Structures are given as structure tokens and as C-alpha cells.
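# below are the sequence and a predicted model for it; my questions follow.
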Amino acid sequence: MRLTDRRFALALIAPAALFLAAFVAWPLLRFVANAFYQISPMAGGPRKFVGFENFATAFGSPAFQGAALRTIVYTVVVVALEFTFGLAVALVFAALGSRSAVFRTVFMYPLMVAPVVAGLLWRFLLIDNFGILNELLRRGGLLHSTDQIGWLSNPKIALFSVAMPDIWLTTSFITLVLFAGLQNVPGDVIEAARIDGVRFPTLLFRIILPLLRPVIAVALIVRGIDAARAFDIILIQTSGGPQDSTTTLSLLIYRTMTRNGDPGLASAMGTVYLIGMLVVAAIAIFAIWRPGGDQA
């Protein structure tokens, strides 16, 4: 009976395993392997083994260093603000209980918007001279003219400007995950703390957040990886400009592959990118989730 069950289980997972091997594992292995070759951009062109030369070129490139720093800043800003806003809204929804059903539905609408559409929408809102946001600020008396703030043309603030649609788009995801986690927080623990006179800040940081560690870890890892690989939402707004101030690693790898015609160097950059995200994800798991540790 056990042998039959094992064969049945293998028969069930075999199609999924074959799919993952063909469309995930094999392309990933080829991608990493290409990092060690100098590859002609022409299909069927020559390949020359160069060892770690592409990695040395990537690490020594100011463009790669700058893009890596901008990617880190962009990810930290986006995830930090999304988590802050998402937690606040999730706590409000949890306090309202069933009365928040309609508000939760409306709040989830941005998740249905494609990143390209969101980027295009916010480009119309932030574009210089004709942007709706600057026009509203001018009419409100906060600006003298609509070109006073160059949201997408000022290199000093462009990176934070392109982060705004990403925050608007996916804060609802963080809210949804945290709200689901709040439903599993024992009500008797919260009630006992309130009876003991525990104030809300202490209740939040000493009881609620520690109980939400696994949920917070999942939310931050998923959103951190997603924000770090942001591509289309930035491309549609600034194409990496002005002065490369919004060029993240995703955009740099894309340019290296398509415009510069260097698949080997692009693969090396992507491999470093992948390893970096895996390391950050592992650190987040053990620092926030603390598997096997005391969750209280």
C-alpha cells in the first residue's frame, strides 16, 4: 500500500517537476553558465570561456556600482513605506472587523492594475509643466509654477518619484498579508493585555509584532525581491534617466544585454544580482522569522 501511495505521489508531481526543470532550472543554469563566457550577440555566434573576467568587469564598473546602490535605496524606501502604511491600514481593518469588508475590497483595487499602466498613470501625474500633481499644488498656492518641482527630471528626487507608483500599487498586498496574519493573533492574549492596562504602543511592539514574525518575514521577502527587480514601472516613467539617476540593476542588465550586445557580462551582473537577493532573503528569514526560535 505504501509503495502504491509513493508511486501515486510521484505520478502527481512528475509533470510539475518536468515543467520546473525545463522552464526554470535549465534556463537558470544556462544563465549562470553564460556568465563565464564571452558570447557573441549574434545567434549561433562564437563563445569563448573567460572565467571570472565578466564578474571582475561588473564589479569594477561604476555603472554597476551605482545601479546596485540605487537598487538598494529604491528597495529599502519602497518596502519600508509599504510596510508602514500597510501595517497601519491592516490594524485599522482589524479594529473595524466585519465593518471593513467594503473598505478592504476598495483598497485592493490597485493590485489589479498592471505595473506598466500604473507607471504611465503616474507619469501623467508627475510630468513637468503638464503634470496633474504640480497643477494641483499650484492651484493650492504651494507652488508658484507647474515646473517648480521636476519630479521626473530632477536627478536628486527622480528615484524617489518613480518609487511612488510602486508604493501605491502594492501597499495593498502588504495590507492583505498582515491583515490575514492579524486574524491568527489570539484574541485572549490581546484582551488580557488590555485588562492589565497595557498601552497600544507596548501592545503593538511587544505582543502583536512578535506574533506576526513569520507573516512579516514572508511579506518583506516577497516584496523586497519584487521591488529589487522593478523594471517596467521605472522604464515607462524615465527609462533610467535623468543622468541614470533611476537606472537600477534590472535596467542596467537589460541595457547591457540589448543595447551593448554583451550577453556574458549581462549574465554575470544577473548572477551577482541573484546571489545578493538570496543572501538578503536568508538573512531576513533568520533575523525576522527566527525559525525554531521563540515566536513569542
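Perfect, thanks for sending it.

# check which helices and strands the helix or strand containing Gly181 sits against.
Following DSSP states H and E, one finds Gly181 within helix 158-182. On a contact count with 3 or more C-beta pairs under 8 Å, 6 or more residues apart in numbering; DSSP states H and E, helix 158-182 meets helix 62-96, helix 101-107, helix 115-126, helix 213-228, helix 232-235. All C-beta spots, glycine's among them, are computed from the backbone N, C-alpha and C.

# between those helices, which has the poorest average model confidence?
Among those, helix 101-107 has the lowest mean pLDDT, at a mean of 85.

# buried residues of that one, list them for me.
Buried residues in helix 101-107, counted by 16 or more other C-beta atoms under 10 Å: Arg104, Phe107.

# re earlier: and the helices and strands packed on helix 158-182: which comes nearest Val185?
helix 62-96 (8.4 Å; C-beta to C-beta).

# tilt between the closest one and helix 158-182?
Relative orientation of helix 62-96 and helix 158-182, computed by axes from the mean of the first three to the mean of the last three C-alpha atoms, to 10 degrees: 40 degrees.

# how about Ser61, phi and psi?
Main-chain torsions, Ser61, degrees, to the nearest 10: phi -90, psi 120.

# burial of it, as a residue count?
16 (other C-beta atoms under 10 Å).

# with Leu10 instead?
Counted with other C-beta under 10 Å, Leu10 comes out at 10.

# can you tell me the helix or strand for it?
Counting by DSSP H and E, Leu10 is part of helix 2-20.

# helix or strand next in line after that helix, which one?
With DSSP H and E, the next secondary element past helix 2-20 is helix 26-34.

# what residues are up against Leu120?
Ile236 (C-beta atoms under 8 Å, 6 or more residues apart in numbering).

# try it again at 10 Å.
Leu120 is in contact with Ala114, Pro165, Ile233, Ile236, Gln237, counting by C-beta atoms under 10 Å, 6 or more residues apart in numbering.

# helix or strand: which one has the residue nearest to Leu251 when sequence neighbours are not counted?
Nearest non-adjacent residue to Leu251, counting by C-beta to C-beta, 6 or more residues apart in numbering: Gly240, 4.7 Å away. Gly240 belongs to no helix or strand when assigned by DSSP H and E.

# how many residues are close by Gly240?
For Gly240, using other C-beta under 10 Å, the count is 22.

# distance from the helix holding Gly181 to the middle of the chain?
9 Å (C-alpha atoms, centre = their mean, to the nearest Å).

# buried residues in it?
So, applying 16+ other C-beta under 10 Å, buried residues of helix 158-182: 158-179, 181-182.

# state the mean pLDDT of it.
pLDDT averaged over helix 158-182 gives 93.

# what's the angle between that helix and helix 115-126?
Using the same axes, to 10 degrees: helix 158-182 against helix 115-126 is 130 degrees.

# ok, and what's touching the helix or strand following helix 158-182?
Going down the chain from helix 158-182, the next helix or strand is helix 187-195, by DSSP H and E. Helix 187-195 is contacted from outside by 94, 182, 186, 198-200, 202-203, 206-208, 211, 296, using C-beta under 10 Å, 6+ apart.

# run the chain-centre distance for stretch 209-217.
18 Å.

# tell me the span between the first and last residue of it.
Using C-alpha to C-alpha, to the nearest Å, the span of stretch 209-217 from its first residue to its last is 11 Å.

# flag every buried residue along that stretch.
With burial defined by 16+ other C-beta under 10 Å, the residues of stretch 209-217 counted as buried are Leu211, Leu212, Arg213, Pro214, Val215, Ile216, Ala217.

# go on, stretch 47-65?
Quick answer for stretch 47-65 (16+ other C-beta under 10 Å): Val50, Glu53, Asn54, Phe55, Thr57, Ala58, Ser61, Phe64.

# gap between the residue nearest to the spatial centre of the chain and Phe83?
Centroid check for the chain by C-alpha atoms, centre = their mean gives Ala227 as the closest residue, at 2.0 Å. Here Ala227 is placed at a distance of 11 Å from Phe83 (C-beta to C-beta, to the nearest Å).
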